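Asks: Next come a sequence and a model predicted from it.
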Amino acid sequence: MAGLTSITGIGRSVELDLRSNRMASAGAILAAVAYATLAAATDRALVDALIAGIVVFLGWAIGRELDPDRPQVAAWAMPLAFVASMFDLSSALATGVALIGIRLVAGTVGAAVTWFDVLALALAGFVSGSSSVLWIVALTMVIWVFTSPEVGRLKWFALASLVGGIVAGVALSGSSDVAITQNAYILAAIGGAVMMLAMTPSRVVARTDAGTEVVDTSRVGLARKTAGGYLMWAAVMGGVAGFWMISPVLAALVATAFVRWFSAGA
């Protein structure tokens, strides 16, 4: 993965020579096929099958950020994300931006920001600024640019690009009234409870993609708290629909919490 880290400090590759990555790709395809089969038998839109496959894959990707040492966490997040998509299909775009925020906090890439990332941060900022559900993700990314040691020499370019995207997203998004019902607060509480169960890992031994150092255990723990914070914010700001918009985050956090309690050394 050293070749990719010369191109991006926020993106990660999927090496198909690894069994876990092949399973992730196969799982995403299987999820899309299963959703398409269900759509053919119901009134669901067939095009949503592609989105279902993507969000299931994103659930896997978030899982590997929350527990870099255990591929089974990411694998278990996939069926949970699929079940959630059956209940209410999440947003692939919103989940993708949430994944970036969690990844930046976890520090699993460990490479410096590149000019490609400067452009990517503008897009991520625009998406996160376009919805109140994702404003917390925008804040996460701004804090990361200011504080992370891996940002590097392009810090101020990255910050300007990110903030410009956020401002544009906020300015172009239309205001909408969201009904925050009691169910939304219940979902927020569930997100907080799962976050508490996941908490900080005992120890992380996986190395960053750049290969220069071991992933910081405290940053992985903070990424788990960040994921829980995203879920609670989404429910409080976006209601029930906002919560399910990023449901793969919940799927990955549930899988992480399960392993945290039932796997030795997790």
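Replies: Great, that's in hand. Numbering: from 1, shown residues only.

Asks: any idea how far the most far-flung residue of the chain relative to its centre lies from L50?
Replies: Relative to the mean C-alpha coordinate of the chain, counting by Cα atoms, centre = their mean, the farthest residue is A41 (30.7 Å). Applying Cβ to Cβ, to the nearest Å, the value for A41 to L50 is 18 Å. In this view, the C-beta of every residue, glycine as well, is placed from N, C-alpha and C.

Asks: returning to what we had before: and the residue farthest from the centre of the chain, its phi and psi?
Replies: With angles defined as degrees, to the nearest 10, A41 sits at phi -100, psi -10.

Asks: what does V214 give?
Replies: Here the main-chain torsion angles of V214 (degrees, to the nearest 10) amount to phi -80, psi 140.

Asks: my read: it touches V204, true?
Replies: Yes: in this structure, V214 is within contact of V204 by Cβ atoms under 8 Å, at 6.6 Å.

Asks: So the two - more neighbours on which side?
Replies: Comparing V214 with V204 by other Cβ atoms under 10 Å, the one with more neighbours is V204, at 20 against 13.

Asks: Excluding chain neighbours, give the residue nearest to that one in space.
Replies: Distances taken as Cβ to Cβ, 6 or more residues apart in numbering place T217 nearest to V204, at 4.4 Å, with adjacent residues excluded.

Asks: Return the helix or strand in this protein with minimum mean pLDDT.
Replies: In the chain, the helix or strand scored least confidently by mean pLDDT, DSSP states H and E is helix 2-5, which has a mean of 71.

Asks: buried residues in stretch 203-215?
Replies: By neighbour count on 16 or more other Cβ atoms under 10 Å, the buried set for stretch 203-215 is 204, 208-210, 215.

Asks: Also stretch 182-195?
Replies: Of all the residues in stretch 182-195, those buried under the rule 16+ other Cβ under 10 Å are 184, 187-188, 190-192, 194-195.

Asks: now swap in stretch 75-91 and tell me
Replies: Residues of stretch 75-91 classed as buried: 75-82, 84-85, 89-91 (neighbour count, 16+ other Cβ under 10 Å).

Asks: Let me know the closest of those residues to V178.
Replies: Nearest to V178, judged by Cβ to Cβ, of these is S91 at 14.8 Å.

Asks: before we move on, back to that, okay, the buried residues of stretch 75-91 in JSON lines with pLDDT, distance to D17 and secondary structure next?
Replies: Output for these, formatted as JSON lines (pLDDT from 0 to 100; distance: Cβ to Cβ, whole Å; DSSP: H, G, I helix; E, B strand; the rest coil):
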{"residue": "A75", "pLDDT": "95", "distance to D17": "17", "secondary structure": "helix"}
{"residue": "W76", "pLDDT": "95", "distance to D17": "22", "secondary structure": "helix"}
{"residue": "A77", "pLDDT": "97", "distance to D17": "22", "secondary structure": "helix"}
{"residue": "M78", "pLDDT": "97", "distance to D17": "20", "secondary structure": "helix"}
{"residue": "P79", "pLDDT": "96", "distance to D17": "24", "secondary structure": "helix"}
{"residue": "L80", "pLDDT": "97", "distance to D17": "26", "secondary structure": "helix"}
{"residue": "A81", "pLDDT": "97", "distance to D17": "24", "secondary structure": "helix"}
{"residue": "F82", "pLDDT": "96", "distance to D17": "25", "secondary structure": "helix"}
{"residue": "A84", "pLDDT": "93", "distance to D17": "30", "secondary structure": "helix"}
{"residue": "S85", "pLDDT": "91", "distance to D17": "28", "secondary structure": "helix"}
{"residue": "L89", "pLDDT": "92", "distance to D17": "32", "secondary structure": "coil"}
{"residue": "S90", "pLDDT": "95", "distance to D17": "30", "secondary structure": "coil"}
{"residue": "S91", "pLDDT": "96", "distance to D17": "31", "secondary structure": "coil"}
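
Asks: re the thing from before, so which of the buried residues of stretch 203-215 would you say is closest to T256?
Replies: Closest to T256 out of the buried residues of stretch 203-215 is V204 (12.4 Å), distances taken as Cβ to Cβ.

Asks: Check what pLDDT the residue nearest to L197 when sequence neighbours are not counted gets.
Replies: Spatial nearest neighbour of L197, excluding adjacent residues (Cβ to Cβ, 6+ apart): A257 at 3.8 Å. Predicted confidence (pLDDT) for A257: 96.
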